[in-house]
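Undergrad: sequence isn't available, so here's the structure alone:
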Ligand code: PSU
Ligand code: MN
């Protein structure tokens, strides 16, 4: 096992028994939501996964250790630290490990640790992507590159239209990452189930997705998969509320010269402020919805991988 990796007893027991486990990221806790809703949501999402019959493994870097499964105290520490924790993707790991730092893992960072621990299914809110204006800034999330190389299925509500979603899909296509719409043929755009972008892959049951994951990895086709799960109708926000908030945030970020890893957290915070509590409520609802689906996929995947063929 990796000498920097600590798997919690609960997660290790589930993995050893071949039981379903779902990884959860921690940048959403530190940088994606304000205190105290971040801690409440992190706890609630773990509970959703347990209620569905799987084991949650929240992932972070604590005192330089790669953690798969956090104690309630560790979860609270991270939530209280908020943006004082380092937002951690692949390139941020070396210093955090060497200097025993505190890191909140992004989708990219979480995929790395989940994969080391042998966890294949991961739930979050939204993934990073190709930013608007990437043709001049080259701002492409490390999440997309990690999806191209690391064997983890990420269940999300698509991505926010703070990004250029069409370019994001093109990038994923180029890098061989399947994007599977769950009961939809349209890429969901986080707060709304509509982006106007067509998905070629659609699945209507967790078993169908589990079968594709099993086939992909058993065939030696490395890399991740995006499972795009639309926000439940009753929580989706009208485009008239979300779009102006996004436009305003993007314009403010540009004016303020916000770049690099600060850009996404800045946009998330501004959208939340501009829309008041409304977007936060939707955000929490869609993360729980994704956790439930991820647990169902993990259960189906665990059954796939232990099934002995009958003759
Ligand atoms: N998008 C959201 N909520 C989030 C993030 C993105 O709607 O919390 C976080 C995730 O951790 C994601 C990261 O992996 O931001 C992407 O950051 P960047 O765009 O800098 O790669
Ligand atoms: Mn970026």
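TA: That came through fine. Treat the numbers as computed from the prediction; the structure is a model and nothing was measured. Ligands and ions are numbered 1, 2, ... in the order given.
Undergrad: run a quick neighbour tally on the residue of the stretch 201-311 of the chain found nearest ligand 1.
TA: Distances between the stretch 201-311 of the chain and ligand 1 by CB to the nearest ligand atom are smallest at residue 264, namely 3.5 Å. No exception for glycine: its C-beta is placed from N, CA and C like everyone else's. Applying other CB atoms under 10 Å, we find 26 residues neighbouring residue 264.
Undergrad: pretty sure it contacts residue 128?
TA: Yes - using CB atoms under 8 Å, residue 264 is in contact with residue 128, at 6.2 Å.
Undergrad: coming back round to it: the residue of the stretch 201-311 of the chain closest to ligand 1 sits in which helix or strand?
TA: Assigned by DSSP states H and E, residue 264 falls within helix 263-274.
Undergrad: please apply the same query to residue 22.
TA: strand 21-24.
Undergrad: does that strand reach ligand 1?
TA: No - counting by CB under 6 Å from any ligand atom, ligand 1 is not contacted by strand 21-24; separation bottoms out at 10.7 Å.
Undergrad: buried stuff in that strand?
TA: Under the neighbour-count criterion of 16 or more other CB atoms under 10 Å, strand 21-24 has 21-24 buried.
Undergrad: could I get these in JSON lines, plus columns for distance to residue 31 and pLDDT?
TA: Converted to JSON lines, the buried residues of strand 21-24 look like this (distance: CB to CB, whole Å; pLDDT from 0 to 100):
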{"residue": "21", "distance to residue 31": "24", "pLDDT": "98"}
{"residue": "22", "distance to residue 31": "21", "pLDDT": "99"}
{"residue": "23", "distance to residue 31": "18", "pLDDT": "99"}
{"residue": "24", "distance to residue 31": "15", "pLDDT": "99"}
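Undergrad: still on that earlier bit, the helix holding residue 264: what's the following helix or strand?
TA: Next element after helix 263-274 (DSSP H and E): helix 277-306.
Undergrad: ok, now how distant is the residue of the stretch 201-311 of the chain closest to ligand 1 from residue 126?
TA: To residue 126, residue 264 is 10 Å away according to CB to CB, to the nearest Å.
Undergrad: re the thing from before, and for residue 264 and residue 128, which residues touch both?
TA: Shared contacts of residue 264 and residue 128, defined by CB atoms under 8 Å, 6 or more residues apart in numbering, comprise residue 141.
Undergrad: ranges for the helices of the stretch 101-250 of the chain?
TA: With helices called from DSSP state H, counting those that start in this stretch, the stretch 101-250 of the chain shows them at 107-117, 134-137, 142-149, 165-174, 206-218, 239-256.
Undergrad: hang on, the earlier thing: what are the contacting residues of the strand holding residue 22?
TA: 11, 14-15, 42, 45-46, 49, 54-59, 68, 110-111, 113-114, 117, 119, 121-124, 152, 291, 294-295, 298.
Undergrad: try stretch 274-286
TA: 32-34, 37, 41, 44, 125, 157, 190-191, 229, 231-232, 235-237, 241-242, 244-245, 248-249, 271-272.
Undergrad: so what's the gap between that stretch and the chain middle?
TA: The chain centre lies 17 Å from the centre of stretch 274-286; the measure is CA atoms, centre = their mean, to the nearest Å.
Undergrad: what does stretch 83-103 give?
TA: What separates the centre of stretch 83-103 from the centre of its chain is 18 Å, taken as CA atoms, centre = their mean.
Undergrad: and that stretch, end to end?
TA: When the termini of stretch 83-103 are compared using CA to CA, to the nearest Å, they are 10 Å apart.
Undergrad: what is the mean pLDDT for that stretch?
TA: Averaged over stretch 83-103, pLDDT sits at 98.
Undergrad: pull out the buried positions in it.
TA: 85-90, 92-93, 96-97, 101-103.
Undergrad: confidence score at the nearest residue to residue 260 once chain neighbours are set aside?
TA: What sits nearest to residue 260 in space, not counting adjacent residues and going by CB to CB, 6 or more residues apart in numbering, is residue 139, at 7.7 Å. Looking at residue 139, its pLDDT reads 97.
Undergrad: one more: residue 311?
TA: 64.
Undergrad: residues of this protein that sit close to ligand 1?
TA: So the chain meets ligand 1 at 25, 27-28, 32, 106-107, 125-126, 128, 141-143, 160, 190, 261, 264, 268 (CB under 6 Å from any ligand atom).
Undergrad: before we move on, back to that, what's the PyMOL line that selects buried ones from the contacts of strand 21-24?
TA: Buried residues within these, by 16+ other CB under 10 Å, are selected in PyMOL with:
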select buried, resi 11+14+15+42+45+46+49+54+55+56+57+58+59+68+110+111+113+114+117+119+121+122+123+124+152+291+294+295+298
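Undergrad: which of the contacts of stretch 274-286 are buried?
TA: For the contacts of stretch 274-286, buried by 16+ other CB under 10 Å: 32-33, 37, 41, 125, 157, 190-191, 229, 231, 235-237, 241-242, 245, 249, 271-272.
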